[in-house]
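S.K.: any chance you can model this:
(one chain, ligands or ions: 3)
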Amino acid sequence: MKMKRFYIHTIGCQMNVSDSSKLCGLLSSLGYSPASETGDADLVVVNTCTIRAKARQKAMSLVGRLAARKRSDPGLTICVSGCVAQEEGEGIIRMFPEVDIVLGTAALERMPVHLRRIEAGGGPVVDTDMTAGGDFDLITGPVTGVSHFVTIMRGCDNFCTYCVVPYVRGREFSRPPSRIVEEIRSLVARGVREVTLLGQNVNSYGKDKNGCSFARLLGMVNEIEGLLRIRFTTSHPKDLSPGLVDAFRNLDRLCSHIHLPVQSGSDRILERMNRKYTREEYLEKLETLRSAREGIALSSDIIVGFPGESERDFQQTLDLVRQVEFDSIFAFIYSDRPLAPASKFSDKVDEDEKRRRINTLLSLQNSISRRKNIEFEGRVIEVLVEGKSGRSGNGAALQWTGRDTTNRVVNFTVPGDCPGGAAVRPGCLAQVRIEAGLAHSLKGRAVAIADAFANVAVA
Ligand code: SAH
Ligand code: SF4
Ligand code: F3S
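M.R.: Ligands and ions are numbered 1, 2, ... in the order given. You can find the predicted model right below:
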(Lines give C-alpha, C1' and ligand atoms only; values in the text may rest on other atoms or scores of the structure.)
(Ligands and ions follow the chains in the order given, each with its own letter.)
Protein backbone atom coordinates (compact mmCIF):
# COMPACT_ATOMS: atom_id res chain seq x y z
CA MET A 1 0.00 0.00 0.00
CA LYS A 2 1.18 3.51 -0.81
CA MET A 3 2.53 5.34 2.20
CA LYS A 4 0.30 8.25 3.21
CA ARG A 5 1.80 11.70 3.29
CA PHE A 6 1.11 14.67 5.56
CA TYR A 7 1.74 18.39 5.47
CA ILE A 8 1.44 20.76 8.45
CA HIS A 9 0.87 24.52 8.04
CA THR A 10 1.81 26.41 11.18
CA ILE A 11 0.56 29.87 12.09
CA GLY A 12 1.33 31.60 15.41
CA CYS A 13 3.80 31.52 18.28
CA GLN A 14 6.71 29.24 19.17
CA MET A 15 4.29 27.04 21.13
CA ASN A 16 2.48 26.25 17.88
CA VAL A 17 5.77 25.70 16.05
CA SER A 18 6.80 23.28 18.77
CA ASP A 19 3.39 21.53 18.78
CA SER A 20 3.60 21.11 15.00
CA SER A 21 7.00 19.52 15.34
CA LYS A 22 5.64 17.05 17.92
CA LEU A 23 2.64 16.33 15.67
CA CYS A 24 5.13 15.59 12.92
CA GLY A 25 6.83 13.07 15.25
CA LEU A 26 3.45 11.53 16.12
CA LEU A 27 2.31 11.19 12.49
CA SER A 28 5.66 9.67 11.51
CA SER A 29 5.23 7.06 14.24
CA LEU A 30 1.85 6.19 12.66
CA GLY A 31 3.58 5.44 9.36
CA TYR A 32 2.86 8.75 7.62
CA SER A 33 5.72 10.46 5.79
CA PRO A 34 6.18 14.20 5.34
CA ALA A 35 5.17 15.78 2.01
CA SER A 36 7.12 18.74 0.69
CA GLU A 37 3.97 20.72 -0.18
CA THR A 38 0.22 20.69 0.41
CA GLY A 39 -0.48 19.42 -3.11
CA ASP A 40 1.37 16.14 -2.44
CA ALA A 41 -0.29 15.41 0.88
CA ASP A 42 -3.13 13.00 1.75
CA LEU A 43 -3.50 14.66 5.16
CA VAL A 44 -3.18 18.42 5.66
CA VAL A 45 -3.13 19.90 9.16
CA VAL A 46 -3.63 23.64 9.64
CA ASN A 47 -2.26 24.48 13.11
CA THR A 48 -3.97 27.80 13.80
CA CYS A 49 -3.55 30.99 15.84
CA THR A 50 -6.22 33.47 16.91
CA ILE A 51 -4.16 36.05 18.83
CA ARG A 52 -5.26 38.80 16.41
CA ALA A 53 -8.09 38.87 13.85
CA LYS A 54 -5.56 38.70 11.01
CA ALA A 55 -4.07 35.41 12.22
CA ARG A 56 -7.53 33.87 12.39
CA GLN A 57 -8.37 35.13 8.89
CA LYS A 58 -5.17 33.67 7.51
CA ALA A 59 -6.05 30.26 8.98
CA MET A 60 -9.62 30.39 7.70
CA SER A 61 -8.67 31.32 4.17
CA LEU A 62 -6.18 28.44 4.10
CA VAL A 63 -8.88 26.03 5.31
CA GLY A 64 -11.25 27.48 2.69
CA ARG A 65 -8.77 26.70 -0.09
CA LEU A 66 -8.27 23.14 1.19
CA ALA A 67 -12.05 22.64 1.41
CA ALA A 68 -12.34 23.73 -2.24
CA ARG A 69 -9.63 21.23 -3.24
CA LYS A 70 -11.39 18.43 -1.38
CA ARG A 71 -14.48 18.85 -3.56
CA SER A 72 -12.46 17.48 -6.48
CA ASP A 73 -10.12 15.32 -4.38
CA PRO A 74 -12.32 13.49 -1.83
CA GLY A 75 -9.38 11.36 -0.60
CA LEU A 76 -7.88 14.41 1.13
CA THR A 77 -8.13 14.50 4.94
CA ILE A 78 -8.26 17.98 6.51
CA CYS A 79 -7.47 18.65 10.15
CA VAL A 80 -7.77 22.07 11.81
CA SER A 81 -5.82 22.19 15.08
CA GLY A 82 -4.62 24.81 17.56
CA CYS A 83 -6.17 27.96 18.94
CA VAL A 84 -8.90 28.67 16.32
CA ALA A 85 -9.94 25.00 16.59
CA GLN A 86 -10.24 25.39 20.37
CA GLU A 87 -12.10 28.69 20.04
CA GLU A 88 -14.61 27.71 17.39
CA GLY A 89 -14.97 23.91 17.65
CA GLU A 90 -18.02 22.76 15.67
CA GLY A 91 -18.34 26.20 14.11
CA ILE A 92 -15.46 25.20 11.81
CA ILE A 93 -17.39 22.19 10.48
CA ARG A 94 -20.48 24.37 10.00
CA MET A 95 -18.41 26.80 7.96
CA PHE A 96 -16.46 24.10 6.07
CA PRO A 97 -18.21 20.71 6.11
CA GLU A 98 -15.21 19.30 4.21
CA VAL A 99 -13.07 19.48 7.38
CA ASP A 100 -12.58 16.01 8.94
CA ILE A 101 -10.93 16.70 12.29
CA VAL A 102 -11.09 19.72 14.61
CA LEU A 103 -8.38 19.26 17.21
CA GLY A 104 -8.25 21.66 20.18
CA THR A 105 -5.09 22.72 21.97
CA ALA A 106 -5.26 19.92 24.55
CA ALA A 107 -6.29 17.22 22.07
CA LEU A 108 -3.21 16.82 19.90
CA GLU A 109 -2.19 13.51 21.45
CA ARG A 110 -5.57 12.04 20.44
CA MET A 111 -4.86 12.55 16.74
CA PRO A 112 -4.24 8.78 16.15
CA VAL A 113 -7.70 7.76 17.46
CA HIS A 114 -9.43 10.38 15.32
CA LEU A 115 -7.45 9.52 12.21
CA ARG A 116 -8.42 5.86 12.56
CA ARG A 117 -12.07 6.85 12.72
CA ILE A 118 -11.80 8.97 9.58
CA GLU A 119 -9.87 6.24 7.75
CA ALA A 120 -12.65 3.79 8.66
CA GLY A 121 -15.13 6.10 6.93
CA GLY A 122 -16.47 7.84 10.05
CA GLY A 123 -17.88 11.37 9.95
CA PRO A 124 -16.12 14.53 11.13
CA VAL A 125 -14.70 14.66 14.67
CA VAL A 126 -14.57 17.70 16.95
CA ASP A 127 -12.33 17.26 20.00
CA THR A 128 -11.94 20.40 22.10
CA ASP A 129 -11.83 18.59 25.44
CA MET A 130 -9.40 20.36 27.76
CA THR A 131 -9.78 17.95 30.67
CA ALA A 132 -8.78 14.57 29.21
CA GLY A 133 -5.08 15.32 29.83
CA GLY A 134 -2.48 12.97 28.33
CA ASP A 135 1.08 14.25 28.02
CA PHE A 136 1.68 15.44 24.49
CA ASP A 137 5.03 16.80 25.65
CA LEU A 138 6.38 13.27 25.97
CA ILE A 139 6.56 13.28 22.17
CA THR A 140 9.65 14.80 20.59
CA GLY A 141 9.52 15.96 16.99
CA PRO A 142 12.39 15.61 14.54
CA VAL A 143 15.65 17.00 15.91
CA THR A 144 17.28 18.80 13.02
CA GLY A 145 19.16 21.88 14.18
CA VAL A 146 21.42 22.79 17.08
CA SER A 147 18.66 24.76 18.78
CA HIS A 148 15.40 23.26 20.06
CA PHE A 149 12.23 24.41 21.87
CA VAL A 150 11.33 22.63 25.08
CA THR A 151 7.83 23.17 26.48
CA ILE A 152 8.02 23.52 30.26
CA MET A 153 4.49 24.69 30.90
CA ARG A 154 1.19 25.19 29.14
CA GLY A 155 -1.75 27.54 29.55
CA CYS A 156 -2.03 30.96 31.15
CA ASP A 157 -3.83 32.25 34.26
CA ASN A 158 -3.16 35.95 33.75
CA PHE A 159 -6.24 37.09 31.85
CA CYS A 160 -4.85 40.28 30.33
CA THR A 161 -8.03 41.94 29.08
CA TYR A 162 -6.99 42.00 25.40
CA CYS A 163 -5.83 38.39 25.22
CA VAL A 164 -7.51 35.21 24.05
CA VAL A 165 -4.78 32.80 25.22
CA PRO A 166 -6.24 31.91 28.67
CA TYR A 167 -9.50 30.92 26.94
CA VAL A 168 -7.96 28.78 24.22
CA ARG A 169 -4.97 27.32 26.08
CA GLY A 170 -6.62 26.78 29.45
CA ARG A 171 -5.17 26.89 32.96
CA GLU A 172 -1.46 26.87 33.75
CA PHE A 173 0.17 23.50 34.04
CA SER A 174 3.88 22.96 34.72
CA ARG A 175 5.64 19.80 33.57
CA PRO A 176 7.67 17.95 36.22
CA PRO A 177 11.30 19.19 36.31
CA SER A 178 12.68 15.65 36.05
CA ARG A 179 10.93 15.11 32.68
CA ILE A 180 12.21 18.42 31.35
CA VAL A 181 15.79 17.62 32.35
CA GLU A 182 15.49 14.13 30.88
CA GLU A 183 14.16 15.55 27.59
CA ILE A 184 17.01 18.06 27.34
CA ARG A 185 19.61 15.36 28.05
CA SER A 186 18.27 13.28 25.20
CA LEU A 187 18.22 16.33 22.90
CA VAL A 188 21.87 17.05 23.75
CA ALA A 189 22.73 13.43 22.90
CA ARG A 190 21.16 14.09 19.48
CA GLY A 191 23.28 17.16 18.77
CA VAL A 192 21.26 20.00 20.31
CA ARG A 193 23.46 22.70 21.89
CA GLU A 194 20.86 25.37 22.75
CA VAL A 195 17.38 25.05 24.24
CA THR A 196 14.62 27.63 24.53
CA LEU A 197 12.33 26.84 27.46
CA LEU A 198 8.77 27.63 26.36
CA GLY A 199 5.66 28.74 28.17
CA GLN A 200 3.14 31.60 27.96
CA ASN A 201 4.53 32.86 31.24
CA VAL A 202 7.59 30.87 32.31
CA ASN A 203 8.14 32.99 35.45
CA SER A 204 5.15 31.35 37.06
CA TYR A 205 6.57 27.88 36.40
CA GLY A 206 5.92 25.67 39.45
CA LYS A 207 3.27 27.95 40.94
CA ASP A 208 0.75 25.16 40.38
CA LYS A 209 2.64 23.46 43.22
CA ASN A 210 5.06 21.08 41.62
CA GLY A 211 7.59 22.29 44.18
CA CYS A 212 10.19 23.72 41.80
CA SER A 213 10.53 27.40 40.92
CA PHE A 214 11.57 28.60 37.47
CA ALA A 215 14.90 29.82 38.85
CA ARG A 216 15.57 26.37 40.32
CA LEU A 217 14.65 24.69 37.06
CA LEU A 218 17.13 26.95 35.25
CA GLY A 219 19.80 25.91 37.76
CA MET A 220 19.11 22.24 37.00
CA VAL A 221 19.23 22.78 33.24
CA ASN A 222 22.47 24.72 33.61
CA GLU A 223 24.10 21.51 34.95
CA ILE A 224 23.34 19.41 31.87
CA GLU A 225 26.60 18.35 30.32
CA GLY A 226 27.09 19.27 26.67
CA LEU A 227 24.41 21.99 26.65
CA LEU A 228 25.94 25.35 25.74
CA ARG A 229 23.08 27.79 25.90
CA ILE A 230 19.76 28.30 27.64
CA ARG A 231 17.06 30.74 26.55
CA PHE A 232 13.46 31.09 27.67
CA THR A 233 10.29 32.81 26.56
CA THR A 234 7.95 34.45 27.54
CA SER A 235 8.24 36.19 30.91
CA HIS A 236 5.59 38.27 32.62
CA PRO A 237 7.11 41.28 34.41
CA LYS A 238 4.90 40.88 37.49
CA ASP A 239 6.38 37.42 38.23
CA LEU A 240 10.02 38.25 37.59
CA SER A 241 11.52 37.05 40.88
CA PRO A 242 14.79 37.91 42.68
CA GLY A 243 15.69 34.25 42.08
CA LEU A 244 15.54 34.80 38.33
CA VAL A 245 17.68 37.93 38.61
CA ASP A 246 20.21 35.79 40.54
CA ALA A 247 20.09 33.22 37.75
CA PHE A 248 21.38 35.90 35.37
CA ARG A 249 24.14 36.62 37.89
CA ASN A 250 25.15 32.98 38.45
CA LEU A 251 24.32 30.72 35.51
CA ASP A 252 27.02 30.73 32.87
CA ARG A 253 24.93 29.06 30.15
CA LEU A 254 21.96 31.37 30.48
CA CYS A 255 22.04 33.72 27.48
CA SER A 256 22.22 37.50 27.98
CA HIS A 257 18.74 38.23 26.72
CA ILE A 258 15.27 38.53 28.18
CA HIS A 259 12.01 39.11 26.35
CA LEU A 260 9.89 41.03 28.82
CA PRO A 261 6.68 42.35 27.24
CA VAL A 262 5.69 45.74 28.68
CA GLN A 263 2.65 46.27 26.39
CA SER A 264 2.27 49.99 27.28
CA GLY A 265 4.14 52.85 28.97
CA SER A 266 1.00 54.30 30.54
CA ASP A 267 -0.13 53.21 34.01
CA ARG A 268 -3.73 53.95 33.13
CA ILE A 269 -3.60 51.59 30.15
CA LEU A 270 -1.58 48.95 32.03
CA GLU A 271 -4.33 48.85 34.60
CA ARG A 272 -7.06 48.53 31.97
CA MET A 273 -5.02 45.72 30.43
CA ASN A 274 -4.93 43.96 33.85
CA ARG A 275 -1.13 43.68 33.67
CA LYS A 276 -0.66 44.08 37.45
CA TYR A 277 2.50 46.21 37.37
CA THR A 278 3.20 49.91 36.93
CA ARG A 279 5.60 51.61 34.55
CA GLU A 280 7.90 52.37 37.52
CA GLU A 281 7.91 48.76 38.72
CA TYR A 282 8.74 47.58 35.21
CA LEU A 283 11.63 50.03 34.92
CA GLU A 284 12.98 49.00 38.34
CA LYS A 285 12.98 45.34 37.30
CA LEU A 286 14.96 46.20 34.18
CA GLU A 287 17.51 48.04 36.31
CA THR A 288 18.05 45.00 38.57
CA LEU A 289 18.45 42.81 35.50
CA ARG A 290 20.94 45.21 33.97
CA SER A 291 22.99 45.31 37.14
CA ALA A 292 22.90 41.50 37.50
CA ARG A 293 24.14 40.88 33.93
CA GLU A 294 26.12 43.54 32.16
CA GLY A 295 25.07 44.05 28.55
CA ILE A 296 21.87 41.99 28.87
CA ALA A 297 19.69 42.49 25.78
CA LEU A 298 16.09 43.47 26.35
CA SER A 299 13.21 42.93 23.98
CA SER A 300 9.52 43.57 24.39
CA ASP A 301 6.00 43.37 23.00
CA ILE A 302 3.99 46.59 22.72
CA ILE A 303 0.34 47.06 21.77
CA VAL A 304 -0.80 50.36 20.26
CA GLY A 305 -4.39 51.53 20.10
CA PHE A 306 -5.74 49.60 23.08
CA PRO A 307 -9.31 50.85 23.80
CA GLY A 308 -9.13 54.24 25.50
CA GLU A 309 -5.44 54.82 24.63
CA SER A 310 -5.13 58.61 24.29
CA GLU A 311 -2.37 60.51 22.51
CA ARG A 312 -0.92 61.19 25.96
CA ASP A 313 -0.86 57.46 26.83
CA PHE A 314 0.80 56.72 23.51
CA GLN A 315 3.43 59.43 24.14
CA GLN A 316 4.20 57.69 27.46
CA THR A 317 4.86 54.46 25.55
CA LEU A 318 7.22 56.30 23.17
CA ASP A 319 8.91 57.89 26.15
CA LEU A 320 9.43 54.50 27.82
CA VAL A 321 10.90 53.08 24.59
CA ARG A 322 13.33 56.04 24.41
CA GLN A 323 14.26 55.60 28.07
CA VAL A 324 14.81 51.81 28.03
CA GLU A 325 16.38 51.55 24.58
CA PHE A 326 15.20 48.00 23.90
CA ASP A 327 17.39 45.95 21.58
CA SER A 328 14.26 45.02 19.64
CA ILE A 329 10.49 45.07 19.98
CA PHE A 330 7.44 43.42 18.46
CA ALA A 331 4.74 46.04 18.01
CA PHE A 332 1.10 45.13 17.46
CA ILE A 333 -2.05 47.01 16.55
CA TYR A 334 -4.73 46.19 19.10
CA SER A 335 -7.21 43.71 17.65
CA ASP A 336 -10.60 42.82 19.17
CA ARG A 337 -10.86 39.17 20.21
CA PRO A 338 -14.48 38.25 20.94
CA LEU A 339 -13.59 36.00 23.92
CA ALA A 340 -11.42 38.67 25.60
CA PRO A 341 -13.09 41.34 27.78
CA ALA A 342 -11.49 44.36 26.04
CA SER A 343 -13.55 43.57 22.94
CA LYS A 344 -16.53 44.91 24.95
CA PHE A 345 -14.74 48.15 25.95
CA SER A 346 -16.49 51.05 24.26
CA ASP A 347 -13.78 53.64 23.59
CA LYS A 348 -12.08 52.06 20.55
CA VAL A 349 -9.25 53.87 18.76
CA ASP A 350 -9.73 54.73 15.09
CA GLU A 351 -7.98 52.31 12.65
CA ASP A 352 -6.05 55.05 10.82
CA GLU A 353 -4.88 56.45 14.14
CA LYS A 354 -3.68 52.97 15.23
CA ARG A 355 -1.67 52.67 12.01
CA ARG A 356 -0.14 56.09 12.54
CA ARG A 357 0.87 55.10 16.07
CA ILE A 358 2.46 51.82 15.08
CA ASN A 359 4.46 53.51 12.31
CA THR A 360 5.71 56.17 14.74
CA LEU A 361 6.68 53.51 17.28
CA LEU A 362 8.42 51.31 14.72
CA SER A 363 10.45 54.12 13.23
CA LEU A 364 11.60 55.16 16.72
CA GLN A 365 12.60 51.58 17.56
CA ASN A 366 14.33 51.06 14.20
CA SER A 367 16.63 53.98 14.89
CA ILE A 368 17.42 52.60 18.37
CA SER A 369 18.02 49.02 17.10
CA ARG A 370 20.23 50.31 14.31
CA ARG A 371 22.29 52.46 16.68
CA LYS A 372 22.73 49.56 19.11
CA ASN A 373 23.81 47.24 16.29
CA ILE A 374 26.36 49.78 15.07
CA GLU A 375 27.88 49.77 18.58
CA PHE A 376 28.92 46.15 17.88
CA GLU A 377 31.18 47.15 14.97
CA GLY A 378 34.81 46.24 15.70
CA ARG A 379 33.96 43.89 18.59
CA VAL A 380 34.66 40.13 18.57
CA ILE A 381 31.64 38.14 19.75
CA GLU A 382 30.84 34.46 20.19
CA VAL A 383 28.31 32.95 17.78
CA LEU A 384 26.69 29.52 17.94
CA VAL A 385 26.76 28.39 14.31
CA GLU A 386 23.31 27.33 13.06
CA GLY A 387 23.92 26.80 9.36
CA LYS A 388 24.84 28.26 5.99
CA SER A 389 23.20 31.46 4.85
CA GLY A 390 24.19 31.37 1.18
CA ARG A 391 26.67 33.56 -0.68
CA SER A 392 26.60 37.31 -0.33
CA GLY A 393 27.01 37.87 -4.09
CA ASN A 394 28.19 36.28 -7.32
CA GLY A 395 31.39 34.35 -6.60
CA ALA A 396 31.51 35.79 -3.05
CA ALA A 397 32.62 33.76 -0.04
CA LEU A 398 30.18 31.32 1.55
CA GLN A 399 28.34 32.86 4.48
CA TRP A 400 27.43 31.16 7.73
CA THR A 401 24.75 32.20 10.16
CA GLY A 402 24.10 31.92 13.87
CA ARG A 403 23.23 34.04 16.90
CA ASP A 404 25.19 35.63 19.69
CA THR A 405 24.22 35.49 23.35
CA THR A 406 21.97 38.57 22.96
CA ASN A 407 19.96 36.72 20.28
CA ARG A 408 21.22 38.89 17.42
CA VAL A 409 21.45 37.15 14.06
CA VAL A 410 25.07 37.19 12.89
CA ASN A 411 26.01 36.40 9.27
CA PHE A 412 29.71 35.85 8.69
CA THR A 413 32.37 34.48 6.38
CA VAL A 414 35.17 32.13 7.38
CA PRO A 415 38.50 33.24 5.81
CA GLY A 416 40.92 30.53 4.67
CA ASP A 417 43.42 31.39 7.43
CA CYS A 418 40.88 31.28 10.29
CA PRO A 419 42.06 28.82 12.99
CA GLY A 420 39.64 25.86 13.10
CA GLY A 421 37.84 27.29 10.06
CA ALA A 422 38.19 24.15 7.91
CA ALA A 423 35.97 22.24 10.35
CA VAL A 424 33.17 24.82 10.66
CA ARG A 425 29.69 23.26 10.91
CA PRO A 426 26.42 23.80 12.79
CA GLY A 427 27.03 23.50 16.54
CA CYS A 428 30.50 25.09 16.44
CA LEU A 429 31.27 28.22 18.41
CA ALA A 430 32.68 30.96 16.19
CA GLN A 431 34.50 34.07 17.37
CA VAL A 432 33.34 36.70 14.90
CA ARG A 433 34.70 40.20 14.35
CA ILE A 434 31.72 42.44 13.51
CA GLU A 435 32.19 44.63 10.46
CA ALA A 436 28.67 46.03 10.03
CA GLY A 437 25.69 46.56 12.31
CA LEU A 438 22.56 46.44 10.12
CA ALA A 439 18.91 47.13 10.97
CA HIS A 440 18.10 43.57 12.08
CA SER A 441 21.40 41.68 12.04
CA LEU A 442 25.18 41.88 12.30
CA LYS A 443 27.72 41.04 9.63
CA GLY A 444 31.31 39.94 10.18
CA ARG A 445 34.26 37.64 9.65
CA ALA A 446 35.28 34.67 11.82
CA VAL A 447 38.62 34.92 13.65
CA ALA A 448 38.49 31.47 15.30
CA ILE A 449 36.22 28.42 15.30
CA ALA A 450 35.92 25.86 18.11
CA ASP A 451 34.14 22.55 17.68
CA ALA A 452 31.63 22.37 20.51
CA PHE A 453 31.16 18.66 19.84
CA ALA A 454 34.78 17.83 20.55
CA ASN A 455 34.23 16.77 24.17
CA VAL A 456 30.73 15.39 23.92
CA ALA A 457 29.58 11.96 22.80
CA VAL A 458 27.00 12.49 20.07
CA ALA A 459 24.57 9.66 19.34
N1 SAH B 1 2.30 34.93 26.71
C2 SAH B 1 3.08 35.87 26.10
C3 SAH B 1 2.71 36.21 24.68
C4 SAH B 1 1.30 36.29 24.31
S5 SAH B 1 0.90 36.68 22.68
C6 SAH B 1 3.11 37.05 26.99
O7 SAH B 1 2.30 37.22 27.83
O8 SAH B 1 4.04 37.81 26.86
C9 SAH B 1 2.17 37.73 22.11
C10 SAH B 1 1.83 39.17 22.09
O11 SAH B 1 0.71 39.42 21.27
C12 SAH B 1 1.46 39.77 23.41
O13 SAH B 1 2.56 40.04 24.21
C14 SAH B 1 0.75 41.03 22.99
O15 SAH B 1 1.65 42.10 22.80
C16 SAH B 1 0.17 40.67 21.63
N17 SAH B 1 -1.31 40.54 21.69
C18 SAH B 1 -2.03 39.68 22.43
N19 SAH B 1 -3.36 39.88 22.24
C20 SAH B 1 -3.46 40.91 21.36
C21 SAH B 1 -4.56 41.60 20.77
N22 SAH B 1 -5.82 41.29 21.06
N23 SAH B 1 -4.29 42.59 19.89
C24 SAH B 1 -3.02 42.93 19.59
N25 SAH B 1 -1.95 42.32 20.12
C26 SAH B 1 -2.16 41.31 20.99
FE1 SF4 C 1 -2.05 36.64 27.08
FE2 SF4 C 1 -1.39 38.04 29.19
FE3 SF4 C 1 -1.35 35.37 29.30
FE4 SF4 C 1 0.46 36.65 27.87
S5 SF4 C 1 0.21 36.78 30.08
S6 SF4 C 1 -0.71 34.88 27.24
S7 SF4 C 1 -0.64 38.40 27.09
S8 SF4 C 1 -3.17 36.65 29.05
FE1 F3S D 1 -1.58 32.26 18.70
FE2 F3S D 1 -2.39 30.39 20.26
FE3 F3S D 1 0.14 31.09 20.26
S4 F3S D 1 -3.48 32.22 19.81
S5 F3S D 1 0.05 33.22 19.76
S6 F3S D 1 -0.94 30.16 18.60
S7 F3S D 1 -1.04 30.43 22.00
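S.K.: that's a strand at residue 382, yeah?
M.R.: Yes: Residue 382 forms part of a strand when assessed by DSSP: H, G, I helix; E, B strand; the rest coil.
S.K.: show me the contacts for it.
M.R.: 404-405, 429-432 (Cβ atoms under 8 Å, 6 or more residues apart in numbering). Placement of C-beta: from N, CA and C, glycine included.
S.K.: for these, which entry has the maximal number of neighbours?
M.R.: Within those, most neighbours by other Cβ atoms under 10 Å means residue 432, with 30 neighbours.
S.K.: in what helix or strand does that residue lie?
M.R.: Per DSSP states H and E: residue 432 is located in strand 429-437.
S.K.: by contact count, what packs against whichever helix or strand comes after that strand?
M.R.: Once the chain leaves strand 429-437, the next helix or strand it forms, by DSSP H and E, is strand 442-450. Counting contacts by 3 or more Cβ pairs under 8 Å, 6 or more residues apart in numbering; DSSP states H and E, strand 442-450 packs against strand 380-391, strand 409-413, strand 429-437.
S.K.: change it to 6 Å
M.R.: The helices and strands touching strand 442-450, judged by 3 or more Cβ pairs under 6 Å, 6 or more residues apart in numbering; DSSP states H and E, are strand 409-413, strand 429-437.
S.K.: ok so, going back, which helices and strands sit right next to the strand holding residue 432?
M.R.: strand 380-391, strand 442-450.
S.K.: what strands line up against the longest one, and which way round?
M.R.: Same thing as strand 380-391. strand 398-403 (antiparallel), strand 429-437 (antiparallel) (DSSP bridges).
S.K.: for residue 93, which of these is the nearest?
M.R.: strand 398-403 (42.1 Å; Cβ to Cβ).
S.K.: go ahead and confirm residue 173 touches residue 156.
M.R.: No: counting by Cβ atoms under 6 Å, residue 173 sits too far from residue 156 to count as a contact (10.3 Å).
S.K.: show me where the chain dips below the pLDDT cut-off.
M.R.: 1, 133, 391-396, 452-459 (pLDDT under 70).
S.K.: follow-up on the earlier one: ok, residue 173 and residue 156, which is more surrounded?
M.R.: Taking other Cβ under 10 Å, residue 173 and residue 156 do not tie; residue 156 has more neighbours (22 against 17).
S.K.: still on that earlier bit, comparing the helices and strands packed on strand 429-437, which comes out most buried?
M.R.: strand 442-450 (a mean of 20; mean count of other Cβ atoms under 10 Å).
S.K.: quick check: neighbours of it in the sheet, parallel or antiparallel?
M.R.: Short version: by DSSP bridges, strand 442-450 pairs with strand 409-413 (parallel), strand 429-437 (antiparallel).
S.K.: and of these, who's closest to ligand 1?
M.R.: strand 409-413 (20.4 Å; Cβ to the nearest ligand atom).
S.K.: ok, residues contacting the closest one?
M.R.: 383, 389, 397, 399-404, 432, 441-446 (Cβ atoms under 6 Å, 6 or more residues apart in numbering).
S.K.: how does it look with 10 Å?
M.R.: 376, 381-386, 389-392, 396-404, 418, 421, 424, 430-436, 438, 440-447 (Cβ atoms under 10 Å, 6 or more residues apart in numbering).
S.K.: next: stretch 121-131.
M.R.: 78-81, 85-93, 96-108, 110-111, 113-118, 155, 168-171.
S.K.: from those residues, which ones fall inside strands?
M.R.: 78-81, 101-103 (DSSP state E).
S.K.: so which bits of the stretch 201-350 of the chain are right by ligand 2?
M.R.: 201, 236 (Cβ under 6 Å from any ligand atom).
S.K.: could you rerun that using 5 Å?
M.R.: residue 201 (Cβ under 5 Å from any ligand atom).
S.K.: for ligand 3, give me its nearest residue in the stretch 201-350 of the chain.
M.R.: residue 337 (8.8 Å).
S.K.: the nearest residue to that residue once chain neighbours are set aside and residue 105, how far apart?
M.R.: In this structure, residue 337 finds its nearest non-sequential neighbour in residue 164, 4.2 Å apart by Cβ to Cβ, 6 or more residues apart in numbering. Per Cβ to Cβ, to the nearest Å, residue 164 is found 11 Å from residue 105.
S.K.: kindly report the same for residue 444.
M.R.: Counting by Cβ to Cβ, the gap from residue 444 to residue 105 is 41 Å.
S.K.: which parts of stretch 141-160 are buried?
M.R.: Within stretch 141-160, the residues that count as buried by 16 or more other Cβ atoms under 10 Å are 141, 146-156, 158, 160.
S.K.: that one spans what distance, first to last residue?
M.R.: 31 Å (Cα to Cα, to the nearest Å).
S.K.: could you see whether ligand 1 lies near that stretch?
M.R.: No: judged by Cβ under 5 Å from any ligand atom, stretch 141-160 stays clear of ligand 1, getting no closer than 6.1 Å.
S.K.: so that stretch, near ligand 3 or not?
M.R.: No: applying Cβ under 5 Å from any ligand atom, one finds stretch 141-160 separated from ligand 3 by no less than 8.3 Å.
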